[in-house]
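Enquirer: only geometry, no sequence info:
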């Protein structure tokens, strides 16, 4: 402030302001959110404001990198929100705070002099959390397969079989089927191992050579195990 009056003077009323100094202030959201009920896709936006004594217009503009408000164009706005300014403790320097967190909401607060304005943001915490949980469940087969491969290397065959059975029950793939064949063969159960190796080959062939990266090993095992009891 340096002793200057800010609102209506240093920052004029009824004019687009870059909400900072030098380049326009930039807001970046790593995930999709909502502002004032409007969708805001993940990404970066220039944050402008039009202050007045009674209310402010807060703006997210799709051109994130701008040299102040000189090149600002309204037709590039993603959205505008009208908010009421509130009183705040004196702040010599312009400040931004993220406040009023709940599981699903937050406020991005601009504070300077004795004024505060807040951009309300609605998060998609529940939706994202459920999606992450589902993704973890959908991919349970992969860490269980890796666990089974490790236990196989350690010659812990019952433990390896338990893990690979969990993996297959969750999602049958050429890899976990092949691991089960290996666990059985390692115990001398070639007659039981052979059908799983054959199934691994059938599943792998459907996915193609790039994804079926143990094809040579599987084919070699099929040839060796065919006549073993």
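Expert: Great, that's in hand. This one's a predicted model, so the numbers in the text were calculated from it and none came from an experiment.
Enquirer: packing partners of the longest strand anywhere in the chain?
Expert: Criterion DSSP state E: the longest strand present in the chain is strand 105-122. Packing contacts for strand 105-122, counted by 3 or more CB pairs under 8 Å, 6 or more residues apart in numbering; DSSP states H and E, involve strand 33-35, strand 43-51, strand 56-61, strand 77-83, strand 86-99. The C-beta positions use only the backbone N, C-alpha and C, and glycine is treated the same way.
Enquirer: reformat those as TSV; add mean neighbour count.
Expert: TSV is the format used below for those (neighbours: other CB atoms under 10 Å):
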stretch	mean neighbour count
strand 33-35	18
strand 43-51	21
strand 56-61	22
strand 77-83	16
strand 86-99	12
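Enquirer: kindly reformat these as CSV containing distance to residue 207.
Expert: Below are the helices and strands packed on strand 105-122 laid out as CSV (distance: least, CB to CB, whole Å):
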stretch, distance to residue 207
strand 33-35, 37
strand 43-51, 34
strand 56-61, 43
strand 77-83, 41
strand 86-99, 45
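Enquirer: tell me what the closest residue to residue 100 other than its chain neighbours is bridged to.
Expert: Nearest non-adjacent residue to residue 100, counting by CB to CB, 6 or more residues apart in numbering: residue 107, 4.4 Å away. Beta-bridge pairing for residue 107 (DSSP bridges): residue 99, residue 120.
Enquirer: and residue 107, what pLDDT?
Expert: pLDDT recorded at residue 107 is 95.
Enquirer: could you tell me which residues make contact with it?
Expert: Residue 107 sits next to 98-100, 118-121 when contact means CB atoms under 8 Å, 6 or more residues apart in numbering.
Enquirer: which of these are buried?
Expert: 118-121 (16 or more other CB atoms under 10 Å).
Enquirer: find the nearest non-adjacent residue to residue 94, please.
Expert: Residue 94 sits nearest to residue 112 (CB to CB, 6+ apart), 4.4 Å away.
Enquirer: confirm for me that the one you found is in contact with residue 89.
Expert: No: using CB atoms under 8 Å, residue 112 is not in contact with residue 89, being 11.2 Å away.
Enquirer: how about low-confidence regions in the chain?
Expert: 133, 135-139, 229 (pLDDT under 70).
Enquirer: tell me how it divides into domains.
Expert: 25-124, 139-225 (automatic domain parsing).
Enquirer: packing partners for the longest helix seen in the chain?
Expert: Criterion DSSP state H: the longest helix present in the chain is helix 190-207. If contacts are counted by 3+ CB pairs under 8 Å, 6+ apart, helix 190-207 sits against helix 174-186, helix 215-225.
Enquirer: list the contacts of the first one.
Expert: It refers to helix 174-186. Residues outside helix 174-186 that contact it (CB under 8 Å, 6+ apart): 141, 144-145, 148-149, 152, 155, 157, 160-161, 164-165, 167-168, 190, 192-194, 196-197, 199-204, 207, 212, 214, 217-218, 221, 225.
Enquirer: and if you look at stretch 84-94?
Expert: By CB under 8 Å, 6+ apart, the surrounding residues in contact with stretch 84-94 are 1, 20-21, 51, 54-56, 110-118.
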